[in-house]
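Undergrad: Starting from these lines, generate the structure:
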Amino acid sequence: DIQIDGQNSSDVSLSDVKADKIAIQHVADTRLKNIIVQHDLTFDDIEDTDLNDVTTSTATIKSDNGDLTIQNTRISDGMNIQLENGDLSMHHNHINTGKINTSYGDVALMNNQLSGQLTITAQDGDISAMIGKSSVTAKTLDGDISAFNSHDDDQTSYTHKGTTGAYVISTDSGDVTIKQ
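TA: I've put the predicted structure just below:
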């Protein structure tokens, strides 16, 4: 097990590590590259975070202020992300199921492979998703939805049936863009 408890101004960088569990809290910028975690990967009270080529069973990430980038990562069981103020960028990941909640910030989901359901809920921010072969249900209370290059200013919900995995997207105030 690896546990890191910083003083809110520390930066953490880990690479080429294999561990049963990794828990990181109260740190500023965090970078993980080429990491294998057998069970739980947990971040709490972190700022800018970059995960690249990480394999884990579960991932729990909480941040009050900072951007999160996840790429080339495999999360086999479940993922739970809570961002208060920051953008989320996820691309080229393999994800089973998960929940993403953001308060203020944009979400970009590009070329991820879903096997289960990924629920994305935003209070104030735009969401863009390249869904591949997945299904999608999207809604916005105050914004526009563009799906597969078709745009209707009055469209506030959209559904597309895919063959593997499902995105459930909702934002209170923001635009939703869906691409193949």
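Undergrad: Okay, the residue in the chain sticking out farthest from the centre and T58: tell me how far apart.
TA: Farthest-out residue of the chain from its mean C-alpha position, per CA atoms, centre = their mean: D154, at 27.5 Å. Using CB to CB, to the nearest Å, we find D154 at a distance of 40 Å from T58. Where you see a C-beta, it was placed from the backbone N, CA and C, and this is true even at glycine.
Undergrad: just K161 next, same as before
TA: 28 Å.
Undergrad: Among these two, which residue is more densely surrounded?
TA: Counted by other CB atoms under 10 Å, K161 and T58 do not tie: T58 has more neighbours, with 18 against 9.
Undergrad: secondary structure element for the more buried one?
TA: Assigned by DSSP states H and E, T58 falls within strand 49-63.
Undergrad: which helices and strands sit right next to that strand?
TA: Packing partners of strand 49-63 (3 or more CB pairs under 8 Å, 6 or more residues apart in numbering; DSSP states H and E): strand 30-44, strand 68-71, strand 74-85.
Undergrad: Adding mean neighbour count and mean pLDDT, write those strands out as CSV.
TA: Below are the helices and strands packed on strand 49-63 laid out as CSV (neighbours: other CB atoms under 10 Å; pLDDT from 0 to 100):
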stretch, mean neighbour count, mean pLDDT
strand 30-44, 19, 97
strand 68-71, 21, 98
strand 74-85, 18, 98
